[in-house]
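Undergrad: what's the 3D shape of this:
(4 chains)
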Number of protein chains: 2
Amino acid sequence: MRIGEAAEEAGLEATAIRFYEKQGVLPGPERTDSGYRDYSDEDVDLLRFVRRARSLEIPLDDVRQIVELRSRGQAPCEVVRRVMAREAKAIESRIAELQVLQDELTRLRDLADRVADDWPGGDCVCHIVEAENFTDAKRRKVRA
Amino acid sequence: MRIGEAAEEAGLEATAIRFYEKQGVLPGPERTDSGYRDYSDEDVDLLRFVRRARSLEIPLDDVRQIVELRSRGQAPCEVVRRVMAREAKAIESRIAELQVLQDELTRLRDLADRVADDWPGGDCVCHIVEAENFTDAKRRKVRA
DNA sequence: TCTTGACCTTCGACTAACTCTAAGGTTTAG
DNA sequence: CTAAACCTTAGAGTTAGTCGAAGGTCAAGA
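TA: The predicted structure follows:
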């Protein structure tokens, strides 16, 4: 099948598949005479595998390693378990941070509404963000 | 004060401050004779403002707008409230997604541990990620 | 006075994980 | 036969910074 259908089946975008291939995460599939990528069902299994790994927030570099081991029939469980432990921790603190952020937003929106009521014309110099009295949630790292 | 102290006070990194300035989010501050950036207390207030806005996950482009309005003494509350509404929604669904992910990870780690117990040598072809029977958390967008 | 170390300057390159654009070739339905 | 929908490539753009190189400045100590 061609890349569009494979993408559909695997739950990825065609452009992402090409990107993974270029990055060396996926092997290049067969090609039709006209040069189109031609995926088998096993290929699609691998695509799904990669999507699952990415949905677990495993970085592409790690996914590449895991895919290599997998294709050699070796056990990437060690790698996966290591990554999972790391991710579990990261996600835990991320949820906590986001919860704080959510609380802040709710509180600030209420404040904003009250401010808007007081000054319907609104010449406020942004009391909302200006307000010192809210705890700053620690900045999240891109890869927390 | 110089950039390092200002950064310290505002809770930013000096490199980030230079970056914001280059991106046009912040006005260039005074300079000493030797060319060092020289921040006043009001400048630091603005730095804090920006950090707060960013900690609310407001994109830099929006922060730039808000800062412009703020410096003209106009009310960016409208912008802020719009952004906040958007962010609140995004964060809500993000927390939900992460919660699912966290559950998966816990479940999968247990599975992994059991698998490891069964095959201490570990010739598994990664039953962990291979496992079809876990719900895929929808992929998070970079700016959800 | 000299030197050492901490601080500052700029610019350009790099990061992750794609997404988008341009310019073109192929396939399929009507 | 043609138009739409699909595919190809290379290369640039995205976000929000970080890092490195090469060099200038400042304060303290010998």
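Undergrad: Skip the chain neighbours and tell me the closest residue to residue A:9.
TA: Leaving aside its sequence neighbours, residue A:9 sits nearest to residue A:44 (Cβ to Cβ, 6 or more residues apart in numbering or on different chains; 5.1 Å). Placement of C-beta: from N, CA and C, glycine included.
Undergrad: Go ahead and list the helix or strand containing the one you found.
TA: Element membership of residue A:44 [criterion: DSSP states H and E] is helix A:41-55.
Undergrad: Could you pull out the buried residues of that helix?
TA: Applying a neighbour-count criterion of 16 or more other Cβ atoms under 10 Å in any protein chain shown, one finds A:43-44, A:46-55 buried in helix A:41-55.
Undergrad: Just give me the closest of those residues to DNA strand C.
TA: Using Cβ to the nearest atom of the strand, residue A:54 comes nearest to DNA strand C of the buried residues of helix A:41-55, at 5.0 Å.
Undergrad: Need the pLDDT of that closest one.
TA: At residue A:54, the pLDDT value in this model is 80.
Undergrad: Please list all residues in contact with residue A:63.
TA: A:25, A:50, A:53-54 (Cβ atoms under 8 Å, 6 or more residues apart in numbering or on different chains).
Undergrad: Dump the residues you listed into CSV; add distance to DNA strand C as well.
TA: Listed next are the contacts of residue A:63 as CSV, based on distance: Cβ to the nearest atom of the strand, whole Å:
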residue, distance to DNA strand C
A:25, 9
A:50, 8
A:53, 10
A:54, 5
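Undergrad: tell me the mean pLDDT over stretch A:38-47?
TA: 95.
Undergrad: quick one: that stretch near DNA strand C?
TA: No. For stretch A:38-47 and DNA strand C, the contact criterion (Cβ under 7 Å from any atom of the strand) is not met; the two come no nearer than 10.2 Å.
Undergrad: Quickly note the distance from residue A:37 to residue B:65.
TA: 43 Å (Cβ to Cβ, to the nearest Å).
Undergrad: Next: residue A:32.
TA: In terms of Cβ to Cβ, residue A:32 sits 49 Å off from residue B:65.
Undergrad: who's more crowded, those two?
TA: Taking other Cβ atoms under 10 Å in any protein chain shown, residue A:32 and residue B:65 do not tie; residue B:65 has more neighbours (17 against 9).
Undergrad: what does the model give the more buried one for pLDDT?
TA: 83.
Undergrad: does it belong to a helix or a strand, and which?
TA: Short version, using DSSP H and E: residue B:65 is in helix B:60-71.
Undergrad: Equivalent analysis for residue A:20, please.
TA: Using DSSP H and E, the element containing residue A:20 is helix A:14-22.
Undergrad: Is there proximity between that helix and DNA strand D?
TA: Yes. Remark: helix A:14-22 sits within contact range of DNA strand D at A:14, A:18, by Cβ under 7 Å from any atom of the strand.
Undergrad: List the buried residues of that helix.
TA: Result for helix A:14-22 [16+ other Cβ under 10 Å]: buried residues A:16-17, A:20.
Undergrad: so where's chain A shaky on pLDDT?
TA: Residue ranges of chain A with pLDDT under 70: A:56-57, A:73-144.
Undergrad: so who does residue A:48 touch?
TA: Applying Cβ under 8 Å, 6+ apart, one finds that residue A:48 lies in contact with A:9-11.
Undergrad: can you do 7 Å?
TA: Contacts of residue A:48 were listed using Cβ atoms under 7 Å, 6 or more residues apart in numbering or on different chains, and they are residue A:10.
Undergrad: Write out the residues of chain A neighbouring DNA strand D.
TA: Residues of chain A lying near DNA strand D (Cβ under 7 Å from any atom of the strand): A:2-5, A:14, A:18, A:35-37, A:139.
Undergrad: now the contacts of residue A:63 in CSV, with distance to residue A:61?
TA: Below are the contacts of residue A:63 laid out as CSV (distance: Cβ to Cβ, whole Å):
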residue, distance to residue A:61
A:25, 9
A:50, 13
A:53, 11
A:54, 12
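Undergrad: Can you tell me which of those is closest to residue A:60?
TA: Of all those, residue A:60 sits closest to residue A:25, with 6.0 Å by Cβ to Cβ.
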